[in-house]
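**Q** Following is a predicted model, sequence given first.
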Amino acid sequence: MERQILTPKFPHFLHGGDYNPDQWLDRPDILEKDIELMKKAHVNCVSLGIFAWAKLEPQEGVYCFDWLETIINNLYENGIYTILATPSGAKPLWMSEKYPEIRRVSKTLHRDLSGQRHNHCYTSPVYREKVREMDTRLAQHFAGHPGVIMWHISNEFGGTCYCPLCQEAFRNWLREKYGTLENLNHAWWTNFWSHTYTDWEQIHAPVPNGETEVHGLTIDWKRFTTYQTLDFMSEEIRAVKAVNPDLPVTANLMSFYEEIDYFKFGPKLDVISWDAYPAWHNLEPLKEAARTASCHDLMRSIKHEPWLLMESTPSVTNWAPVCKLKRPGMHELASLQAIAHGSQSVQYFQWRKSRGSSEKLHGAVVDHYGGSDTRVFREVTHVGERLETLEKAVYHTEVKPEVAIVFDWENRWAMEGSRGPRNGGLKYEQTVQAHHRAFWKQGVPVDFVDMDGDLSGYKLVITPMLYMYRNGFAKKLRAFVENGGTLVSTYWSGIADDTDLCFLGGWPGDGMMEVFGIWNEEIDALHEGETNRMDVRESMEGLRSSYTLSELCECIHLRGAEALAVYGQDFYAGSPVLTKNHFGAGDAYYVAARAEDAFQEDFYASLVKELGIRRALDTVLPEGVTASLRVGETDVVFVQNYNGEEKTVRLPYAMTDAETGETVQGDLVLPGYSAHILLEK
Amino acid sequence: MERQILTPKFPHFLHGGDYNPDQWLDRPDILEKDIELMKKAHVNCVSLGIFAWAKLEPQEGVYCFDWLETIINNLYENGIYTILATPSGAKPLWMSEKYPEIRRVSKTLHRDLSGQRHNHCYTSPVYREKVREMDTRLAQHFAGHPGVIMWHISNEFGGTCYCPLCQEAFRNWLREKYGTLENLNHAWWTNFWSHTYTDWEQIHAPVPNGETEVHGLTIDWKRFTTYQTLDFMSEEIRAVKAVNPDLPVTANLMSFYEEIDYFKFGPKLDVISWDAYPAWHNLEPLKEAARTASCHDLMRSIKHEPWLLMESTPSVTNWAPVCKLKRPGMHELASLQAIAHGSQSVQYFQWRKSRGSSEKLHGAVVDHYGGSDTRVFREVTHVGERLETLEKAVYHTEVKPEVAIVFDWENRWAMEGSRGPRNGGLKYEQTVQAHHRAFWKQGVPVDFVDMDGDLSGYKLVITPMLYMYRNGFAKKLRAFVENGGTLVSTYWSGIADDTDLCFLGGWPGDGMMEVFGIWNEEIDALHEGETNRMDVRESMEGLRSSYTLSELCECIHLRGAEALAVYGQDFYAGSPVLTKNHFGAGDAYYVAARAEDAFQEDFYASLVKELGIRRALDTVLPEGVTASLRVGETDVVFVQNYNGEEKTVRLPYAMTDAETGETVQGDLVLPGYSAHILLEK
Amino acid sequence: MERQILTPKFPHFLHGGDYNPDQWLDRPDILEKDIELMKKAHVNCVSLGIFAWAKLEPQEGVYCFDWLETIINNLYENGIYTILATPSGAKPLWMSEKYPEIRRVSKTLHRDLSGQRHNHCYTSPVYREKVREMDTRLAQHFAGHPGVIMWHISNEFGGTCYCPLCQEAFRNWLREKYGTLENLNHAWWTNFWSHTYTDWEQIHAPVPNGETEVHGLTIDWKRFTTYQTLDFMSEEIRAVKAVNPDLPVTANLMSFYEEIDYFKFGPKLDVISWDAYPAWHNLEPLKEAARTASCHDLMRSIKHEPWLLMESTPSVTNWAPVCKLKRPGMHELASLQAIAHGSQSVQYFQWRKSRGSSEKLHGAVVDHYGGSDTRVFREVTHVGERLETLEKAVYHTEVKPEVAIVFDWENRWAMEGSRGPRNGGLKYEQTVQAHHRAFWKQGVPVDFVDMDGDLSGYKLVITPMLYMYRNGFAKKLRAFVENGGTLVSTYWSGIADDTDLCFLGGWPGDGMMEVFGIWNEEIDALHEGETNRMDVRESMEGLRSSYTLSELCECIHLRGAEALAVYGQDFYAGSPVLTKNHFGAGDAYYVAARAEDAFQEDFYASLVKELGIRRALDTVLPEGVTASLRVGETDVVFVQNYNGEEKTVRLPYAMTDAETGETVQGDLVLPGYSAHILLEK
C-alpha cells in the first residue's frame, strides 16, 4: 500500500498548520516562542509562505529567501517539517499596481483594483511568467531541503476572470471543442431568440448585462473556468517538478465549492487536501456533522486515496454571522472525524493570530494573549497526543466504501442555471447531502463519483437529481445495472445532455426509460410548506406506511417497473412515486418526489440489509452518533458522538480500544462531543 | 357589428399559438409531425417568425424567406392560418455586434452587450432602418398570402433605453411639450434644491446616480418612454400597411405592465392582444382568478372591443419561483375565462418546446416527449373542440359594462414615485384590483378607463387612489356627477396635477372638494398589522355595522357631505370615513381609508342594487364562483368555478346550455375547475 | 453664564424653522400670507437660503441678493429674525454641469451626474473657490444686518467622495500622519496577504472592488473623510468670519450619523445644532423616546453647552416606510423634550410645504391647504406660546450631568469594520443607547464623551463595548479610577489600538487587565434567540437573582477582581460575568456579556444610589415617564409622559409649575403625551 504514503519524507500523521512568520520578522522573541509552543503542542508540520510574496520578492526581481531558510532550518532542527507554498494566491501590491493585466475583471466588466487575494487573472502571460520565475527559484532553493516534505500550490483556487485575455482563451477553447460554429450553434440551440453566432468573435462570456439565457454558453464558460484554473495550476506544478519531480504536490480545495469542478484536479495532484470550516453548534448541529462528513468523503473521492486536512480552525472562525466557540471536546471530535474519513493530518489555520487586518480575530492555536494556558491550546495539544498514539493502528488503513453517490459539478451547473420547475430552489447539493446523510446515520461508508467515475466496484449507486446525462453516462449506468448493480435514481433526472439540450422521446432520456421501466410525463412543484404523501405498498419491507413529500413531485407512468409506493394526494394520487425495475442482472429504483429524511433512512437501511453492505458497527446508533470505518490489516472503527450529552452504544462484539489497548464490550459510553477509536479484534 | 371581426380573412375563434419551426428546419420529420398534431388538437392559427430574424436575414442584406413560405403554405393547405410577426423583438446577433448603437444603455449608463431580447434602442436610426427594410420585405412577400390573417408587430414592447440618442430625443420631446425652460422649471418645481435648468442640454434622464428627486422629470421620462415606444411601433405599422393597408395589426401587451401606458396604444392598433400567465394554484387562488379577470378587462378596455389572447401556457411556466402544474380542468376554465371577458382566441406559447436555452422547460402543447398521449395535449384538444362548438352562439357577442373603474398609468407613476405617507407600499394596482374584485364576485361586468377616457356611458364610476388629477379630468368627473352619475372615490385622491405639483387650497383638489363635500386635512399611515375600524351608521343599507381599516386613514372634514360611517378608534375616532354628497343630479361618495374586502363587496352590492346595474346572473354566487356576460342577439353567461371542488349555483330562470343545447334550470352543478356557458332563453 | 447665550443679537428661545421663499417669488400673495401666519404661530426666527444658490447666482458670476434682502427686511420688520445659510449644501445645476469635478465620485468609482444634493466633492478647488466667493459676498451683504443672528453653514454635512482629488488629498494626509511607508505598513499590518505598500501612489481608498480587508486603511479613510469635511467647513467659516467675526456660526448635524465624527466639529463651531426626526409612534415608542433623548444628549455633549434644535417636523416626515401622524400632544412633548435636554430653540423643517419635487409631502407648519385652521398649525402655535412663557425660568439654565457614557466614532468604525465574533451585528450604537436608556428611565442626566474627552468631572463613567483604546485613553481611564472614579465597562473592550492592531498579552489590553482585575480569554457568540443566564451573588444589593444574557458572552478569569455574578449555563457556567475591582481610590466593574435591559436598570440604579448621583426627581417613575433636569439659579424639572394614556407621578416635595406659577405637590397627573415643567421651590 505504498501509494497511501502521502509524505514519504515524513510518513506520519501531520499535526500543525499555516504558519506566517513573515508577519513577525521584527519580533525574534515571538519567533523563538513559536518553536517552544509548537513542541509543547505536539506540532510536527507547518505550511509556510502562503501569503509571503511581498517578503520573498519585496521589489521586482529582488528575491529574499534568507529569512525563510532560517525559519525552515529552525523548524527542522526542532523536528517540525514544512509544507512549502508557492505564493501565487496573493500577488504583491507592487506587482498588481505595475501590471494591471494581472488583476481580474469582474462580471461587471470592470477591472478590480489592487487588494484582497485569490484574484489574479489565470490567463495573464505576465502573471504566469512571474509565478513561474518565483516557483522555479523557490524550488531551486528549497525542494531539496530535508525538512520540506510537500508543495502547497497557491491557495484555495477559485473565482473567475472576465478580462479580454480570458475571453480570447475561452473562444479558443470553444474552437477546439466544437470545430465549427454550426456545431456550436446547434449545441447551444442559438436559433432561439436569433442568437445564432456568425463569427467566433461574437462570443462573450455570460455576464448580467450580456447573454445569460443561452445555457450551453453558461455551462461551457464554467467548464472553461475549471480548465483555465487547472492550466494555471499545471504550469506551477511543472515549474516545481522540473527541479525535483519527487516532492509531492497538493492544492487545498474547498469541498462543494460551486465554481470549480474538483474532480478534474485528481489527475494533476499527488495529494488532495482541503480546508474544513464546519459551522459546529449551529442551529442544526447534527446535520452539520453529517454535512462535514460528506465534505470529507467528497474530497477523498477525488482520488479515492488518503488525503490531508490542510486547514481547520482550532477555535472559531471570524467570518460567520455568529462565530460560536467550539464546546469542550468538539475540537478533538472534529479532528478525529477527518481521520475517520481518511485524512492523514490535522492542520490548522493558523498557528498564531495576526495582529491586524481581516483575519486577526480568526481562531488560531496561539492567541494574541501569547500563553499556552488557554483552553484552545490545551485541546490542540490533546489532539497532537492522540494522533501520536493512534498512528500505529490507523496510519496504514483507508476508507473503502461499497456505496457510491453520483455528484457531478457539470450537472450542478446545468440544473441550477436552467429556468425550470422550481426557480426558488432545486437544492441539488442539499439533496445529495440528504442521501449521503441516510448512510452516515447508519455508519455506512460512502464514496462520491462524478459521471467520469468508475461505478464497477460498488454494490449500490445513487444518482440523486441527475438532470444532465453527460455523453456516455447513461450507457455506463445501464451496464452497471445489467451487470447486477443496484441503482437508485430520483425525480428530475435524465432531462438534458452535455450542452443542456433536452432529450427527445421521453424522460429519463438517453435510453434510461427502459432501465427504470418508467416514463416521466410532467413534474409538479409545491409551494413552501405544501406537502403530498407517499403511500407504501406492503411489498417493501422496512418502510413505514407513508412519508411526507414536498417541493417536487413527478407524474410518472409504469413502463415495465413495479410500483412500490404511490402518491396519497392531489390529482395524481394513486399514481406511482417509488418504482423498482429488474433490468439485466440488477435492479433500478426510481424515486419520483422529494421525500423526508425518514424515507431515505428506511429505504437505504432496507437496501443495505438486502445487499449485504457492510456497516462500520452493526448495532443501533442513537441519534447524533455514528461510526466510520478505515480498513487495513486490522479494521478501525471510529465511534463519534455529536451530541452535547453522553450517549451509549451497544457493541455487537468485543473490540480493542485503539488508544488504551483495552478490550471494550457491551455498552460503550460516549461523553458529549467525543470520539472512541476501536479496533476489530 | 362588423367592427368586431378582428380577422376578416378567417372570421372564427382562433386556437393555436406561437410556432417556431425555425428551430427545427433540420428536422423535417418533426415539422411534418407538427401539422399532424395541430390538426389533432383543433389548432387553426399559429403565430410565426417572432424570433426568426437570424433565419430570415442570416447575413446582413441576405434575405431567406423560402423556408417561411414553405411553412405558411403547408399550414394553409392544412387549414391553419398564420399571424405573421415582424421579428424586431429579437435583433440578430450579427447586427448587435456590428452596430453597438442598437443595443440599449441601462440605468447605470453602461451599454448592454449582445444577448437576451426585447432590448433594442427604440431611437436608433440604424435599427429603425433595418426594421423598416425587413418589415417592408416581409410585407411584400407575405401580406397578400391568403393564409396570413394579421400582423403581430414585434413582441411584448417594453423597457427603457438611456443612450445618448434617447436622451436627445427626450430633450426634443420636452422642448415640444414645454416651449420654454421657464415653463419646465415651474412644472417640475426645480427651484427646490437649486435644480433650476438653464440650458436644455442640462437635462438628463433620471438614473440612480443622477437626478431622482425631481418627480416631474421622472414622470415625463416615463411618458416619453411610452411615446418613443409608440413611435417605433408606428414606423413598423407604416411599413407593413404601406404594402397592404387592409391586413390588421396587433401587438401583444402585458396587462398591468408598469413601464408602458397601454391606453396610448389603442388608436395605433387594429386589434389588442395580450399574453396572460396567471399563477394558477398559488397561495391565493381565488384572488388570482379575479386578478386575471381584471387583466382581461383592462386589455379589452384599451379599445373597448373584442381582443385576442395571444399567449398563454398550456401547462406550466418556467420562470415562477414555484411552477405548479395546472390541475385537471384548469386549462379549459382559464381559456374560457378569456372568452368570457371578450377574447376571440385562445393561443399558446408555444406549440412545441424548444430543445435548449432559456425557454426549453416552459410549458407547450407538444412536449419533448413528442406524443399526443399527454394530459396537456388532451386538454388543449378539448379547448379546441369547445371553441368550435361555442363559436356560433358566442363569436358575435361582446362585453358591455355599466361600471367603470379609473386606472391610469400616469397616476400610477406619479403616486409610486412620490415620497409620501407610506413608502413601504401604497399598493395602487392592488387597490384597483381589490375594487374590481368586489364586482367580479357578484358577476358584474366592469370596464377600465384612464383619465382620457369617456365616462358618459356608465352608471357608476370608481376612482380608487386617484392621486393625480390630470388637466381637465376633475371637470370631467364633475360633469359626470352633475349629469346624474354615481362616483366613488377613495383616500389619496386629488393631491397633485399633471407634473406632480400639489393642489393648493385643500384636497381633493382642482374643485373636487365641492363635488365630494369634504376636506381632507391629513393622512395617517398605519404599521403592518395595525388596524382601525369603520363604524357604519344605520342610514347605509346592506352594510355590516363595522369593517376593519388598515394602512392609510385620512382625517377628513364634512363640507356639505353626509357621513355614512365614522372611524371607531384612535384620535380621529368619530370623524367621518365614508361620506356621500349629492351634487347636481348625481352622488359622490368618498372612502377615506383602506377597507377590508368585505366593505367593498357590501358597499358595491348595495350600489349595484340601488342603481339597477345588471349582473350576469342574478343569484347567490358561492365563494370562488363567478359569472361573466357577453351580450348580443342572445346574451351569453359564462358560469365559472375556480374552486377545486364542486359547487352549486341556483339559476334564477331556465337557460340553454350553449354547448349541448339542453335547457338547464334550478341547480347548476359545477365540477371543480369548470366553466358552463349558458344562453338566455 | 454669558457663554450660554447662543444668539447675542436675539437672546431668546427661538421658534420657527427653514423658510424657502425662493420657491414662491412669483407668488407675492403667499409671501405676504407667510408673515401673517408666522406672527400668528409665534414664530420669531427662520433659516433662510439653504437651497437658494440657483436664485442667488442664477448664472455664473451674476449675483442676485435683492429678493433675499427684501425677505429679511420684511421678516425683521415683523419681529422675525434670520439664521442665514451658506448655500453650499446644494450646488446649482449650471455649476455641476459646467464643472464636473465638483460632483462626487462614488464607491463604484463612477462620477455622479448632476442631481440631488449634499453631494459635492469636498476637495474640489473649483467648488471651494465658488463657495468662498458666494459666502464672502453673502457676508458682505448680510452679516451686519440687525435681523441676521447666526450663520447656518451649508446643510447636513456628510458623505464621501472617491475622486482622484480626494484620493490625492488622502495620500497627503497619510504622509503627514505616518511619515514613512514603513510606519504605515506596520500600523496597517500589511504584511498580511502581501499587501505591503512600496510607494505612496499605491494607496487607494477602500472600495468594494478594491481593498476592503486592511482595516487600518478603512479606519484612516473614515478619519480622513471627517478631516476633509471639517477642512471644507472651516474654509466657509473663515470666509464669513473674515467679514464679521462676531456673528456666530452653526452647522446642523445628525446625531449618531455613521460617517462623520461630530466630536471633531466642537472646536470649529460656535453653536451646535441638529436635525431631529424621531419615528414617534413606531412599534417601540418608549424606546424611541429614550433614543431621541440620547441623540439630544450626544449633540449637547459635543460642546457641553446649550444647543439648537435646528430642524424637526411639525407633523410627519415623508421618507419613513410608514409615516404616522403625531398624536395630539406629541408635538409639544417632543419640542419640550429638546428644551429639557438643553436646546434653546424649536425649529422646523419647513415653514411651508413645497409644491413639487421630493419634499412636497413632508410635514410643514403651513400645508398646501394654506389656512391656519389645521391641527398642526394649532399645535405649533401652542409650542410658540409655551416657549414664550417658559423663557424667563428656563433660558438661563443648563444641563450638567454627573454620569458620562463613552461613545467614540473611531471605535465604532473599528469595531463594525472588523470581521469578528458576530458579523451578523455587534450593535455598538444600540448598546450605547441601551446603557443610556437605563439612566433616562430613572431621570438621571447623562453626558457622552469620546476618547478625547475629559472624564475628570464625573462620578460615574461607562465605556460600553470599547473595542478600540485610542492611544492614551487607557491611561486616562486608569487615572480616573485611581482618583476615586467609578468605571463600568463591558465585553468586547480593549481589543485593539488606534490602527486596529490587537493588543498582545491579554485583554482588556493596554494595561487595563490590572484596572479591572480580570483576563478575557475568549468570547462566545450566541445565535438569535439563544440565551444564557447571569446568576447574581448576594453581595450586590438591588439586583434580582438572575438576568438573561444574549448575543455575546466572554469567558473571563479573575485576576484580582471579585465576581459579583456568574454564568448560569453552558460550558462556562459558574465562571464570572460581572466583576468588581477596587483600584486606587475607585472601582472598576466589568460586565462580560450582553444583558437584558432590566440588568442595566437595576445595576445602574444601585450605583446611582451608592454614588449619590442626582436624579431629576427622586421618586418612582412609571414606565414611559421620565424627568430631565436643567440647573441654574433655580433648577427646572421637565416631567414627560411618553405614553398615550394618563400617568401619575408622586412628587417628593412641593414644587412650582413653571407655566402657571402655581404650587404643585402630591400626585402630579400627566395626560397622555404631555410635559410638565416644574421649578424647585
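**A** Now that the structure is in, tell me what you want to look at.
**Q** Ends of stretch A:96-105, what's the gap?
**A** Start and end residues of stretch A:96-105 are separated by 13 Å (CA to CA, to the nearest Å).
**Q** So is it next to chain C?
**A** Yes - legend: contact between stretch A:96-105 and chain C by CB under 8 Å from any CB of the partner chain is shown at A:Glu97. Where you see a C-beta, it was placed from the backbone N, CA and C, and this is true even at glycine.
**Q** residues contacting the residue most central in space within chain A?
**A** With distances taken as CA atoms, centre = their mean, A:Ser255 lies nearest the centre of chain A, 2.1 Å away. A:Ser255 sits next to A:274, A:276, A:295, A:298-299 when contact means CB atoms under 8 Å, 6 or more residues apart in numbering or on different chains.
**Q** Among these, which ones are in helices?
**A** Secondary structure assignment by DSSP state H places A:295, A:298-299 of the contacts of A:Ser255 in helices.
**Q** one step back: of all the contacts of A:Ser255, which two lie farthest apart?
**A** A:Ala276 and A:Leu298 (11.1 Å; CB to CB).
**Q** neighbour count winner among these two?
**A** A:Leu298 (25 against 22; other CB atoms under 10 Å in any protein chain shown).
**Q** Return the distance of the more buried one relative to A:Phe439.
**A** For A:Leu298, the distance to A:Phe439 equals 13 Å [CB to CB, to the nearest Å].
**Q** which residue sits closest to the residue nearest to the centre of chain A, ignoring its sequence neighbours?
**A** Distance criterion CB to CB, 6 or more residues apart in numbering or on different chains; nearest residue to A:Ser255, sequence neighbours excluded, is A:Cys295 at 3.7 Å.
**Q** Enumerate every residue touching A:Phe503.
**A** Counted by CB under 8 Å, 6+ apart, A:Phe503 has contacts A:469, A:494-497, A:509-510, B:368.
**Q** of those residues, closest to chain C?
**A** Nearest to chain C out of the contacts of A:Phe503 is A:Ala496 (CB to the nearest CB; 34.8 Å).
**Q** longest single strand anywhere in chain A?
**A** As assigned by DSSP state E, the longest strand anywhere in chain A is strand A:546-558.
**Q** need the strands for the stretch 351-500 of chain A, in chain order.
**A** A:403-406, A:446-449, A:460-463, A:486-490 (DSSP state E, counting those that start in this stretch).
**Q** which residues does the closest residue to A:Val637 other than its chain neighbours bridge with?
**A** Excluding the flanking residues, the one nearest A:Val637 by CB to CB, 6+ apart is A:Leu678, at 4.6 Å. With DSSP bridges as the criterion, A:Leu678 is bridged to A:Val637, A:Asp657.
**Q** show me what contacts A:Thr656?
**A** So A:Thr656 contacts A:662-664, A:678-681 (CB under 8 Å, 6+ apart).
**Q** and the helix ranked longest in chain A, what's its mean pLDDT?
**A** Secondary structure of chain A per DSSP H: the longest helix is helix A:215-243. Averaging pLDDT along helix A:215-243 yields 98.
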